[in-house]
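Visitor: Got a predicted model here, sequence first, then my questions.
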Amino acid sequence: MANESLVTASVIGDVLDPFYSSIDLMVLFNGMPIVSGVELRSPTVSERPRVEIGGDDYRVAYTLVMVDPDAPNPSNPTLREYLHWMVTDIPASTDDTYGREAICYEAPNPTTGIHRMVLVLFRQLGRETVYAPSRRHNFSTRGFARRYNLGAPVAAMYFNCQRQSGSGGRRFTGPYTAGRHAAA
């Protein structure tokens, strides 16, 4: 199945259905690779990341989306999901600069709470078969994948983001943490 951090952070459930990763996905901010679940401040993510995609067949194209399922605030995500970025037609074994930026990068800048920023990679049926939505707010990654027959994601990761002066960390609840508290 997908990275356990996606399950723990409820990305699987809130944004995606369970899936198996089949392509390598590396996200770099300011030239530094990040791991799924890392916490980053707004200034760190102010510039568009570089996203490297695995695979070995240049004829295969991918779509990358970056969404915030916690907009405008994690307690009341009325804009879930907010689309921060979309790149289509990315050839395998390249990076996002080889694709077509369908929705330009909008840097995350949460004003309240800690937001999960989710990057999802889909395999396209062919080039120039995926198009940008008309708006960023209330985007649905699942609905988008259905509309363009993208199937399940081939890779995904997320990072937590909060404003520069924010404090604290995301607190997880549920069966995963319940066992940890009982053992303590």
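Guide: Received it, and whenever you're ready, just let me know what you need.
Visitor: Which parts of the chain are helices?
Guide: Assigned by DSSP state H, the helices in the chain fall at 4-8, 11-14, 141-147, 175-183.
Visitor: hey, which helix or strand in this structure has the poorest pLDDT?
Guide: helix 175-183 (a mean of 44; mean pLDDT, DSSP states H and E).
Visitor: Kindly provide the whole-number mean pLDDT of stretch 124-139.
Guide: Averaging pLDDT along stretch 124-139 yields 96.
Visitor: could I get that stretch in PDB with only the CA atoms?
Guide: The C-alpha trace of stretch 124-139 is given here as PDB (Å, rounded to 0.1, in the frame of the first residue of the first chain):
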ATOM      1  CA  GLN A 124      -2.100   9.800 -18.000                       C
ATOM      2  CA  LEU A 125      -3.700   7.800 -20.800                       C
ATOM      3  CA  GLY A 126      -1.800  10.000 -23.300                       C
ATOM      4  CA  ARG A 127      -0.400  13.400 -23.800                       C
ATOM      5  CA  GLU A 128      -2.600  16.400 -23.900                       C
ATOM      6  CA  THR A 129      -5.500  14.500 -22.300                       C
ATOM      7  CA  VAL A 130      -5.700  16.400 -19.000                       C
ATOM      8  CA  TYR A 131      -6.800  20.000 -18.600                       C
ATOM      9  CA  ALA A 132      -6.900  22.500 -15.800                       C
ATOM     10  CA  PRO A 133     -10.100  23.000 -13.700                       C
ATOM     11  CA  SER A 134     -11.800  26.400 -13.800                       C
ATOM     12  CA  ARG A 135     -11.100  27.200 -10.100                       C
ATOM     13  CA  ARG A 136      -8.700  26.300  -7.300                       C
ATOM     14  CA  HIS A 137     -11.000  26.000  -4.300                       C
ATOM     15  CA  ASN A 138     -13.100  22.900  -3.700                       C
ATOM     16  CA  PHE A 139     -11.100  20.800  -6.100                       C
END
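Visitor: Sounds good, over and out.
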